[in-house]
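>>> Need the 3D shape of this:
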Amino acid sequence: MSTSQAFSPATPYVALAVAFILACTLAGCATEITGTSFNDQTAVFEKGEPSFMPQPVSESSDAVGNDVTIDEQGWWAKDGFVHYGIVITNPNDDLIARNTVITITTYDKHGTKLTGETATVSFIGPGESIGYAGIAGEGLVPDRVDITVDGATTVWQDADGYTPIFTVDSYEEQDKLYFRYEITGKVGNHTGGYVSNVPLCVLLRDDEGNIVAGYTGAAYRIKDGRSKDFTVTMHSAPSHASVDIYPQWDLEQ
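Alright, predicted model coming up:
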């Protein structure tokens, strides 16, 4: 006696019902994922108007300052990219230095130039020495890195009424092993207004106080007179004894 698999006339309808339920479920998931539009997200980051806002110095301005200087520099190259850090000083007690261009040049062991690129230090308060950090290179590990400043690029602004605008209120660092470190802390906003983005430059120093690398991060959405948490994760970072953290004013806001 032969046997055959039982077949019910209702089977096709059951299959269609399952397919319909599955399609509705997937559609619902897709709606949930994309339910918040780009405009809704960017509305959260809408910036305010700080009371102390650096203003352009006109071409006819008589403001002339002594050139800013790079007092310290150091770098670390792992995985082919240079993580550099500098200390740059505005020696003028009555002027703010803005938009100062620095040049980062890398060389191989024979002294042949590998790469050359520029970066802009947007804001240095009167008489202040600040840290600045960045990434340079094109995947080639250099033997030497030179960082120079182009004093002619600095735009000067009168410092009347200036007070320090950002503070690092607290921080701590954790070694996450395998060349990865994490810094958490709080940045205070004293600009007189809401600030959407505060870039952070982190300088790593060895036991003798020398800069061995530089990394960057940011704090976001800080109301005036308030502090906000930040986290900076440093991948492929060298061993170090201490860190310095410098908030910057992002003039593109």
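>>> Check this protein and tell me which residue is nearest its centre.
Nearest to the mean C-alpha position of the chain, counting by CA atoms, centre = their mean, stands residue 217 at 3.6 Å.
>>> That one: what's its closest spatial neighbour, skipping adjacent residues?
residue 232 (3.2 Å; CB to CB, 6 or more residues apart in numbering). Bear in mind the C-beta positions are built from the backbone N, C-alpha and C, glycine included.
>>> and the helix or strand harbouring the one you found, which residues are buried?
Assigned by DSSP states H and E, residue 232 belongs to strand 227-234. Buried residues in strand 227-234, counted by 16 or more other CB atoms under 10 Å: 227-228, 230, 232, 234.
>>> follow-up on the earlier one: who does the residue nearest to residue 217 bridge with?
Legend: beta-bridge partners of residue 232 under DSSP bridges are residue 183.
>>> Look up how far residue 130 lies from it.
Distance of residue 232 to residue 130, given as CB to CB, to the nearest Å: 16 Å.
>>> before we move on, back to that, what's the distance between the strand holding residue 232 and the middle of its chain?
10 Å (CA atoms, centre = their mean, to the nearest Å).
>>> ok, residues contacting the next helix or strand after that strand?
Sequence-wise, the next helix or strand downstream of strand 227-234 (DSSP H and E) is strand 242-247. Residues from elsewhere that reach strand 242-247, judged by CB atoms under 8 Å, 6 or more residues apart in numbering: 130-132, 166-168, 171, 173, 183, 185, 187, 198-205, 219, 232.
>>> Just the buried subset of those residues, please.
Buried, going by 16+ other CB under 10 Å: 130-132, 166, 168, 171, 173, 183, 185, 187, 198-205, 219, 232, out of those.
>>> Mark which of those residues are part of strands, please.
Counting by DSSP state E, the members of the buried ones among the contacts of strand 242-247 that fall within strands are 130-132, 166, 168, 171, 173, 183, 185, 187, 198-205, 219, 232.
>>> Which residue ranges of this structure form helices?
Listed in chain order, the helices of the chain (DSSP state H) span 11-33, 38-44.
>>> So for the first one, mean pLDDT?
Regarding helix 11-33, the rounded mean pLDDT is 38.
>>> coming back round to it: could you dump the buried residues of strand 227-234 to a markdown table with pLDDT and distance to residue 118?
Putting the buried residues of strand 227-234 into a markdown table (pLDDT from 0 to 100; distance: CB to CB, whole Å) gives the following:
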| residue | pLDDT | distance to residue 118 |
| --- | --- | --- |
| 227 | 96 | 33 |
| 228 | 96 | 30 |
| 230 | 97 | 27 |
| 232 | 97 | 24 |
| 234 | 95 | 23 |
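>>> List the residue ranges of the protein that fall below the pLDDT cut-off.
Along the chain, the parts satisfying pLDDT under 70 run over 1-62, 251-253.
>>> and the nearest residue to residue 200 once chain neighbours are set aside, how far is that from residue 242?
Sequence neighbours aside, residue 217 is the residue nearest to residue 200 in space, at 4.5 Å (criterion: CB to CB, 6+ apart). From residue 217 across to residue 242, the span is 17 Å (CB to CB).
>>> now residue 192
32 Å.
>>> of the two, who's got more company?
residue 192 (16 against 11; other CB atoms under 10 Å).
>>> count of residues packed around the closest residue to residue 128 other than its chain neighbours?
Spatial nearest neighbour of residue 128, chain neighbours left out: residue 90 (5.6 Å); criterion: CB to CB, 6+ apart. By other CB under 10 Å, 27 other residues sit near residue 90.
>>> How about the contacts made by residue 90?
65, 68, 96-97, 124-129.
>>> ok, now residue 189?
165-166, 195, 198, 222-228 are the contacts of residue 189 under CB under 8 Å, 6+ apart.
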